[in-house]
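J.: With the sequence up front, the predicted model follows.
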There are 10 protein chains.
Amino acid sequence: MMEFLVHMRVTAIPGGTDAESALLQRESKRARELADAGILLRLWRIPGRRENWGIWEASDVNQLHDALASLPMFPYLVITVHPLATHPNDPRSPAFRSNLGMDQQKSDVQEDR
Amino acid sequence: MMEFLVHMRVTAIPGGTDAESALLQRESKRARELADAGILLRLWRIPGRRENWGIWEASDVNQLHDALASLPMFPYLVITVHPLATHPNDPRSPAFRSNLGMDQQKSDVQEDR
Amino acid sequence: MMEFLVHMRVTAIPGGTDAESALLQRESKRARELADAGILLRLWRIPGRRENWGIWEASDVNQLHDALASLPMFPYLVITVHPLATHPNDPRSPAFRSNLGMDQQKSDVQEDR
Amino acid sequence: MMEFLVHMRVTAIPGGTDAESALLQRESKRARELADAGILLRLWRIPGRRENWGIWEASDVNQLHDALASLPMFPYLVITVHPLATHPNDPRSPAFRSNLGMDQQKSDVQEDR
Amino acid sequence: MMEFLVHMRVTAIPGGTDAESALLQRESKRARELADAGILLRLWRIPGRRENWGIWEASDVNQLHDALASLPMFPYLVITVHPLATHPNDPRSPAFRSNLGMDQQKSDVQEDR
Amino acid sequence: MMEFLVHMRVTAIPGGTDAESALLQRESKRARELADAGILLRLWRIPGRRENWGIWEASDVNQLHDALASLPMFPYLVITVHPLATHPNDPRSPAFRSNLGMDQQKSDVQEDR
Amino acid sequence: MMEFLVHMRVTAIPGGTDAESALLQRESKRARELADAGILLRLWRIPGRRENWGIWEASDVNQLHDALASLPMFPYLVITVHPLATHPNDPRSPAFRSNLGMDQQKSDVQEDR
Amino acid sequence: MMEFLVHMRVTAIPGGTDAESALLQRESKRARELADAGILLRLWRIPGRRENWGIWEASDVNQLHDALASLPMFPYLVITVHPLATHPNDPRSPAFRSNLGMDQQKSDVQEDR
Amino acid sequence: MMEFLVHMRVTAIPGGTDAESALLQRESKRARELADAGILLRLWRIPGRRENWGIWEASDVNQLHDALASLPMFPYLVITVHPLATHPNDPRSPAFRSNLGMDQQKSDVQEDR
Amino acid sequence: MMEFLVHMRVTAIPGGTDAESALLQRESKRARELADAGILLRLWRIPGRRENWGIWEASDVNQLHDALASLPMFPYLVITVHPLATHPNDPRSPAFRSNLGMDQQKSDVQEDR
């Protein structure tokens, strides 16, 4: 499984306020499904903007694309995908949580270059 | 508490390989302390680069700055802080997880503009 | 409480001159309410442009977003939020105004890195 | 008198830690003088960066330049000056604070274009 | 009095060729008034573009904004204002024209940093 | 003769304070010569920066280049040249100053596209 | 005479396929006239784009502007003009073609800075 | 054969004035060879800068690269290559110079999209 | 033959869902023809976007342009062409696959500058 | 397996010509190993630059990072990774090569949004 940082900007939605409200409800429902499937992990609003940052997880970039394209608002989104690699200092990595000795630390350091 | 998306780029570290290895070990140790304090939540490497994306949490932007400035590598980091607001579709938000009725949904929609 | 530097650009407002005048009056009224609530502190026009810079204060970024989203012109604004941390040389900071001795100065200096 | 939004980025300071500490103390002293003279109004640190935003006030752009150039750190600063015009919705403007009638509002609106 | 370098880009003008011709005539008339008032000093076309560079003079940035906003084409202009400070080598500065001795030169040099 | 808007940024000058002072004096002397020759018309400092805007006049771009390259600081300057065409609303253009009738105005308008 | 490097981007042309075809024919005819007049020297298409690069020659920037503005497609073009100075290594420069001795070379070198 | 628009920026040349002069002479000699070989067609200086624009011709992009890499200054150049396609309105194209009838024009138009 | 890296962005397609579906089918058919002709080598979708990267091969840039312009979606594409030269370490280059001795390696190295 | 488009820029390599030659030979050897392992698929030089584009294949982004970090030149490379998703019109995709009927085409079209 891979994690991705995804940025979304919502462009103008046609059809007036009612069409927009209906679309946002469908979007919320689809987001819940993707969260239940373990694909959408986190989502934050960028203050003052119709943009968001999210953490997504998928088996590969094709599964990620399919998840993004399944959003009802997809035609109105400008999306940027940032692939994420594991970092030795990530609090969720197994190596980080264990009590590493000096030698193993050194190999982490070498990988970090 | 507020969450922040933080981007870091590591610039050239002076002092040769040994000085750099020692610094990276101190950095790793400090990262673990910040993780234990609940300030550093996640950290990912950007593939192919000496850059990372992280999710950080702090009571306010001053506490965040102090945490960032406490990193041994801080003098060699170019840091960009993105403040994050809560999104109604975030899988961790209470509203998102409960089974909302139509009317409450509608008010979420209005806030989302 | 946190302070924010906020930049706003006004995009084209639909509906003709009368609709625009009415909207600007509602905007002015809402700005006064936000000023009375201590959220909008300062506002300046960027000369020659339909843009402004403002200093806003809120308990966190969510309260700031709600204040911005409550502006009648919000649908027509492109907003950029810059979070602000305290600076030891800010004329309004308590440390800056008191007559600091050499040792305390030194710790400020260390924080400034 | 005019107000200016000023952005400063601190570049690398030569001479080692002691030279830098001494310089920062002289900078702090000069900042206090400029604050006492009513030229430096506010100063904020950009979190995670050696950058700041400030509100400065001067009789004209030449007085502003002289104030900026008088900073001991001036040779190491990359400065951007944003001139600020008054906005009718600024909480400190006299018109904003008074209880305006409809007709006067209308002329504000016209000026706002 | 302050001088400003002002860049203008003309966006699409609605209403067809006749409306545009009428607007350009009103613009030319207003430009002459601003020139007679000593506010518009110089204006150049950027070759191949509907853009211009101008030198404007005003008592402060508010008077400049009012002059720019008084242009009939203002709703169709994207304007950028560059504030200008005096330079010791400006051919129109009094110091530059006089025959300065070495000592006075030196102080100019110091101001130039 | 053609006019040019020229932007200059001064990069770091090697050789210490004395070398820099000597260079600035030679620069000032050469600027006066270019002003006397009618090539350097105006020069302004960009506030807070080691940059300037200038209006230069030359028979063609080669003469302009030679004038710029004759500056003692030329090796330390990053220069951008903006060619300027005449604008019908320039206060110094003959057409602008005369009292044009409607028909002649119309042809100006056509040229302005 | 001066040479200019000119970049053109063609924006959307209104009026449907027939109107566009007619405009392109008029454009081609006008291009031939400008080529016959010695103003348009070369023209290349940027592959995959509705953009072109051209070499144009004119007595000054005003004549160049008039030539560009005479193109039937001018209202739909975004044009960028790059002024060109002579280079001592240009194959068409007289100095380059002659068999220069060392001393004359040296002065070319000095001009090249 | 293909034509290319090539932009070059000269970065700092190490070794002092004498080393630089010698390098510029070798560069001039190599430029003449490339001109004689029909590869370097034109070269212009960008006024005020150590940059140039050139028209180069080669059988393919590999031959172009070899020609550029053969320049003595190549290690100090930042080069950008713009590939050029033929344009139907280029004064040197055979179709442009002949007196085309309506039908053939039409096919040119179709190709121009 | 030359290879090109080509980036395409699909802009809004007019005519509704049915018109778009028909266009996409024609596009797919034309892509297959270009693949059969050995011009379109590879094509990848950029995840989350209506953009793609492709590897194309053509005898020169004119043949490439004709291939791109033959796409039914060409009027709605923003295309960027990156010309590609051979790299000595490309797995498909003959030199890379053979077992090179030290001397020949050295000449590759020299070409690589 | 995932494919990636990778851009590399080579920065200045310390140690003189001999150190650089040795490094380039080690780089070439490592590239061959990565090609033999099926990770480095293609590599092209960007003409006139010390930059390259490559197609890389890995099981995930971590394996890609390890491959990139194993290059002897890695400390001197500025790398940008573009993740690639499959495109229905890619000549190597199974669906593209088979002779699809109308109905299956339609579902491809829907996925393409």
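T.: Yes, it's here.

J.: for chain A, what helix or strand is lowest in average pLDDT?
T.: helix A:102-111 (a mean of 43; mean pLDDT, DSSP states H and E).

J.: Settle this for me: residue A:20 is touching residue A:13, isn't it.
T.: Yes: applying C-beta atoms under 8 Å as the test, residue A:20 and residue A:13 come out as touching, 4.8 Å apart. Backbone N, C-alpha and C define where each C-beta goes, glycine included.

J.: ok, for residue A:95, nearest residue in space, not its chain neighbours?
T.: residue A:88 (6.0 Å; C-beta to C-beta, 6 or more residues apart in numbering or on different chains).

J.: which residue ranges form the helices in chain A?
T.: Ranges of helices in chain A, per DSSP state H, are A:16-36, A:61-69, A:94-97, A:102-111.

J.: Just the buried residues of the third one, please?
T.: Neighbour counts using 16 or more other C-beta atoms under 10 Å in any protein chain shown place residue A:96 of helix A:94-97 among the buried residues.

J.: what's it packed up against?
T.: helix B:16-36 (3 or more C-beta pairs under 8 Å, 6 or more residues apart in numbering or on different chains; DSSP states H and E).

J.: is the helix it packs on up against chain A anywhere?
T.: Yes: using C-beta under 8 Å from any C-beta of the partner chain, we find that helix B:16-36 touches chain A at B:20, B:21, B:24, B:25, B:27, B:28, B:31, B:32, B:35.

J.: quick revisit: with respect to residue E:80, which of the helices of chain A lies nearest?
T.: Minimum separation from residue E:80 across the helices of chain A (C-beta to C-beta) falls at helix A:16-36, 34.0 Å.

J.: Give the full set of residues in contact with the single nearest residue of chain A relative to chain E.
T.: Closest to chain E within chain A is residue A:12: 18.4 Å, counting by C-beta to the nearest C-beta. Each residue near residue A:12 by C-beta atoms under 8 Å, 6 or more residues apart in numbering or on different chains is listed here: residue A:76.

J.: Quickly note the distance from it to chain J.
T.: 18 Å (C-beta to the nearest C-beta, to the nearest Å).

J.: Next: residue A:38.
T.: Taken as C-beta to the nearest C-beta, the span from residue A:38 to chain J is 17 Å.

J.: ok, residue A:56 - contacts?
T.: Counting by C-beta under 8 Å, 6+ apart, residue A:56 makes contact with A:3, A:4, A:6, A:39, A:40, A:41, A:64, A:67, A:68.

J.: Which residue is the nearest non-sequential neighbour of the third one?
T.: If the residues on either side of it in the chain are set aside, residue A:6 comes closest to residue A:54, at 4.8 Å by C-beta to C-beta, 6+ apart.

J.: what's around residue A:44, how many residues?
T.: When neighbours are counted by other C-beta atoms under 10 Å in any protein chain shown, residue A:44 registers 24.

J.: my bad, residue A:17
T.: Neighbours of residue A:17 (other C-beta under 10 Å): 11.

J.: Residue A:13 too?
T.: Count around residue A:13 with other C-beta under 10 Å applied: 16.

J.: and it, how far is that from chain C?
T.: 11 Å.

J.: pLDDT at that residue, what is it?
T.: Note on residue A:13: pLDDT of 89.

J.: How about the contacts made by it?
T.: A:19, A:20, A:23, A:73, A:76.

J.: My guess is the third one contacts residue A:72. True?
T.: In this case it means residue A:23. Yes: the pair residue A:23 / residue A:72 is scored as a contact, 5.7 Å apart, by C-beta under 8 Å.

J.: Mind listing what's buried along stretch A:21-39?
T.: A:21, A:23, A:24, A:25, A:27, A:28, A:30, A:31, A:32, A:34, A:35, A:39.

J.: Is there proximity between that stretch and chain B?
T.: Yes: with C-beta under 8 Å from any C-beta as the criterion, chain B is reached by stretch A:21-39 at A:21, A:24, A:25, A:27, A:28, A:31, A:32, A:35.

J.: quick one: that stretch to chain centroid distance?
T.: Put simply, stretch A:21-39 sits 14 Å off its chain's centre (C-alpha atoms, centre = their mean, to the nearest Å).

J.: Also stretch A:61-77?
T.: 12 Å.

J.: next one: stretch A:9-16
T.: On C-alpha atoms, centre = their mean, the centre of stretch A:9-16 falls 22 Å from that of its chain.
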